[in-house]
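1. Have a look at this prediction, sequence included:
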Amino acid sequence: MGETSVRGNVVIAEEREIEEFLNRLFPIARSLTGEGNRETFRILQEIIPLEIIEYPSGTTVYDWTIPDEWVIRDAYIKDSDGQRLIDFSECNLQIVGYSSPVRQKMTFSELAPRLHLLEGNSEAIPYRTSYYNRDWGFCVTGVQYEQLREVSGLLEVCIDSEFNPEGSMTLGELRIRGEIEEEYLVSTYCCHPSMANDNLSGLLTTAFLARDLYREHTLQRSWRFVFLPETIGAIAYLYHNEREMKKIRGGLLPTTCGGNGPWGFKESFLGDHLIDRAVQLAFKDRCIQPIHYTFVPDGSDERQYSSPGFRIPVATISRDKYYEYSQYHTSLDNLDFVKGASIAESLALYRDVVRILDQNTCYRSTVPCGEPQLGRRGLYPSTGGGINQPGSGETVESELNAITWLLFLADGNHDLLTTAERSGLKFSDLLRVFGQLTVSGLIKPILN
Ligand code: ZN
């Protein structure tokens, strides 16, 4: 079996593994709080040794309060024959997230103000929540709306939910220590119910990325992975880890990266931070030109991490970015739309970014005056003059190119990322040659 097919099989195995987790996680009713989130984390624990954190309801975190835990057992709308026309157990998007309990018989016109539907799409259920305003409602397709309207008698409406002030909000965390203290953050959100791109794609990309790093034994930096409910989860996490979070160098926020539409790169609020440059280099090395979204304070938890008290630059790689695909925040963001293979491709890009950030280092030449004699060290092709001539071999040429760039910039003020940008060489090629030069003693990394 050739090397390519071995690699091919590894990729296919990973895609299948992601696909299996997608299928298992998709039906779970997640929210800001509750059993669905715990169940999700228990499944993710099969991938990584995620530590589960519980923040008690009612506690204050900066300007916010952790909400009561939402318990949802069942919800339906029945006609007078007792037939369920709307059934939460079939699809958890059918009720407004965090709905208050209700058990009532009512006419369609009494119920109608509580029904949310999408204009212009009769097949999709919209995703709606009412986290901080106690309210209740159902989300229905246009077809379901018409069915309900045609019922002549009373409708039996039930939301079997409860708010538990003794409950808590659940988060997941995995910290991986590298050689040095410098730490990066990877954060994703777990609060969305049955939608695949937003955000099972982010959850699985983050979990598999964390697994790689957890298994890696040559990490330079430390990495902190967090899985939390959007906004309140990030705020609570920052509150409880304030001192350490203020030292985080930068972050990535995997979200909506499982479609097969356009690639996207949302830059950090700084725009030209190491994080931004690493993402751009990773895309360039794979010959992908993503849509470049300049920073705006919307989107996801980058707003919290980059808020004035923290200012952590955070970037996102997406594929079919939130807001921009027609299935967004509807029941059509499903497993027909998102496949394990697309998530695996995003994962590969995130891996490249993490590798760049983790391995990046300034470096110094041990022979800085004039260029070192490579031939004596077995680093230069022995027949002089062949370089840059036809037939001299592309590999030899690009290796020599990497050697000369690395040695030329080895003044202690340049890092590998800059060298890749200036030389146009792939980071992975540069890193390999960098390894050879450090082994030969010509270059010394300066990791601080
Ligand atoms: Zn969303």
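-> Received the coordinates, thanks.
2. spatially speaking, which residue is in the middle of the protein?
-> Pro254 (1.6 Å; C-alpha atoms, centre = their mean).
3. Next, that residue: secondary structure please.
-> Of the three states, Pro254 takes coil according to DSSP: H, G, I helix; E, B strand; the rest coil.
4. State whether it and Thr188 are indeed in contact, as I suppose.
-> Yes: counting by C-beta atoms under 8 Å, Thr188 is a contact partner of Pro254 at 5.1 Å. Bear in mind the C-beta positions are built from the backbone N, C-alpha and C, glycine included.
5. Enumerate every residue touching the residue nearest to the centre of the chain.
-> Pro254 makes contact with 186, 188, 201-202, 205-206, 209, 316-317, 346, 350, according to C-beta atoms under 8 Å, 6 or more residues apart in numbering.
6. before we move on, what about Gly309?
-> Gly309 makes contact with 238, 246 under the criterion C-beta under 8 Å, 6+ apart.
7. joint contacts of Pro254 and Thr188?
-> Shared contacts of Pro254 and Thr188, counting by C-beta under 8 Å, 6+ apart, come down to 202, 205-206.
8. Tabulate those residues in TSV, adding columns for secondary structure, pLDDT and distance to Ala410.
-> Shown next, in TSV, are those (DSSP: H, G, I helix; E, B strand; the rest coil; pLDDT from 0 to 100; distance: C-beta to C-beta, whole Å):
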residue	secondary structure	pLDDT	distance to Ala410
Gly202	helix	98	39
Thr205	helix	98	35
Thr206	helix	98	35
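9. and which of those residues is nearest Arg16?
-> Thr205 (15.8 Å; C-beta to C-beta).
10. Give me the subset of the contacts of Pro254 lying in strands.
-> Taking DSSP state E, the ones among the contacts of Pro254 that sit in strands are 186, 188, 316-317.
11. Go through these and name the one nearest Glu267.
-> Nearest to Glu267 out of these is Thr316 (C-beta to C-beta; 8.7 Å).
12. how many neighbours does the nearest residue to the closest one once chain neighbours are set aside have?
-> The spatial neighbour of Thr316 that comes closest, neighbours along the chain excluded (C-beta to C-beta, 6 or more residues apart in numbering), is Lys266 at 4.3 Å. Using other C-beta atoms under 10 Å, Lys266 has 26 neighbouring residues.
13. just use 196 as the starting number from now, easier for me
-> Got it, first residue is 196 now, which makes that one Lys461.
14. quick one: contacts for Ile470?
-> By C-beta under 8 Å, 6+ apart, the contact set of Ile470 is 445-447, 463, 508-510, 552.
15. Return the subset of those residues lying in strands.
-> Using DSSP E, the subset of these located in strands is 445-447, 509-510.
16. What about these, which one has the most neighbours?
-> Using other C-beta under 10 Å as the neighbour test, the ones in strands among the contacts of Ile470 are led by Val509, with 29 neighbours.
17. List the contacts of that residue.
-> Contacts of Val509 by C-beta under 8 Å, 6+ apart are 380, 382, 445-448, 463-464, 470, 496-497, 500-501.
18. rewinding a little: in JSON lines: the ones in strands among the contacts of Ile470, plus distance to Ile483 and pLDDT.
-> Output for those, formatted as JSON lines (distance: C-beta to C-beta, whole Å; pLDDT from 0 to 100):
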{"residue": "Gly445", "distance to Ile483": "21", "pLDDT": "98"}
{"residue": "Gly446", "distance to Ile483": "21", "pLDDT": "98"}
{"residue": "Leu447", "distance to Ile483": "17", "pLDDT": "98"}
{"residue": "Val509", "distance to Ile483": "21", "pLDDT": "98"}
{"residue": "Ala510", "distance to Ile483": "15", "pLDDT": "98"}
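19. any weak-confidence spans in the chain?
-> 196-199, 202, 576-589, 643 (pLDDT under 70).
20. repeat that for 90
-> Scanning the chain for pLDDT under 90 picks out 196-206, 315-316, 411-413, 569-594, 642-643.
21. how about the helices of it, start to end?
-> Using DSSP state H, the helices of the chain run over residues 198-220, 230-239, 303-306, 337-345, 396-410, 427-435, 437-440, 469-480, 497-500, 535-554, 589-603, 611-618, 622-635.
22. could the ones you listed be laid out in a markdown table, adding distance to Tyr518?
-> Output for the helices of the chain, formatted as a markdown table (distance: least, C-beta to C-beta, whole Å):
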| stretch | distance to Tyr518 |
| --- | --- |
| helix 198-220 | 22 |
| helix 230-239 | 24 |
| helix 303-306 | 30 |
| helix 337-345 | 22 |
| helix 396-410 | 15 |
| helix 427-435 | 19 |
| helix 437-440 | 27 |
| helix 469-480 | 19 |
| helix 497-500 | 14 |
| helix 535-554 | 18 |
| helix 589-603 | 40 |
| helix 611-618 | 30 |
| helix 622-635 | 30 |
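23. And Leu288, how far from Thr426?
-> 20 Å (C-beta to C-beta, to the nearest Å).
24. hmm, back to that, closest to Leu637 among the contacts of Ile470?
-> Using C-beta to C-beta, these come closest to Leu637 at Leu552, 24.6 Å.
25. Need the nearest residue in space to the closest one, chain neighbours excluded.
-> If the residues on either side of it in the chain are set aside, Leu552 comes closest to Ala473, at 5.1 Å by C-beta to C-beta, 6+ apart.
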